[in-house]
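Novice: pasted the sequence and its predicted model underneath.
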Amino acid sequence: MGENFLSDTSHIQQKQIHVFQKINTALIDLYWELGKTLSEKVKNNEWGYKCYNTVR
């Protein structure tokens, strides 16, 4: 039973690592797209310039 338990534990840990990698990839994609969208809006003066005037 001890060997099977250790094997199962190792399998679970490998799957957890795989899931964390997928989550990290998805988050990087999300942040990349968000940055791209915000950058385009700032470039086209759709966002950002009023914030500067308000803070100033």
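Specialist: Thanks, I have it. Numbers count the residues shown, from 1 in each chain.
Novice: okay, CA-based contacts and neighbour counts for the rest of this
Specialist: Will do.
Novice: so how far is the helix or strand that Asp8 is a member of from its chain's centroid?
Specialist: For Asp8, the element it lies in under DSSP states H and E is helix 2-43. On the basis of Cα atoms, centre = their mean, to the nearest Å, helix 2-43 sits 7 Å off its chain's mean C-alpha point.
Novice: and it, average pLDDT?
Specialist: For helix 2-43, the per-residue pLDDT values average out at 91.
Novice: quick one: list the elements packing against it.
Specialist: For helix 2-43, not one helix or strand is in contact under the criterion 3 or more Cα pairs under 8 Å, 6 or more residues apart in numbering; DSSP states H and E.
Novice: next, count neighbours for Lys41.
Specialist: Counted with other Cα atoms under 10 Å, the neighbours of Lys41 add up to 13.
Novice: to clarify, my last question referred to Trp47.
Specialist: For Trp47, using other Cα under 10 Å, the count is 14.
Novice: is it true that it touches Thr37?
Specialist: No. At 10.3 Å, Trp47 does not count as touching Thr37 under the criterion of Cα atoms under 8 Å.
Novice: just the element for Asn45, please.
Specialist: Using DSSP H and E, Asn45 falls outside every helix and strand.
Novice: for Trp32, see how far away Thr25 is.
Specialist: Counting by Cα to Cα, to the nearest Å, the separation of Thr25 from Trp32 is 10 Å.
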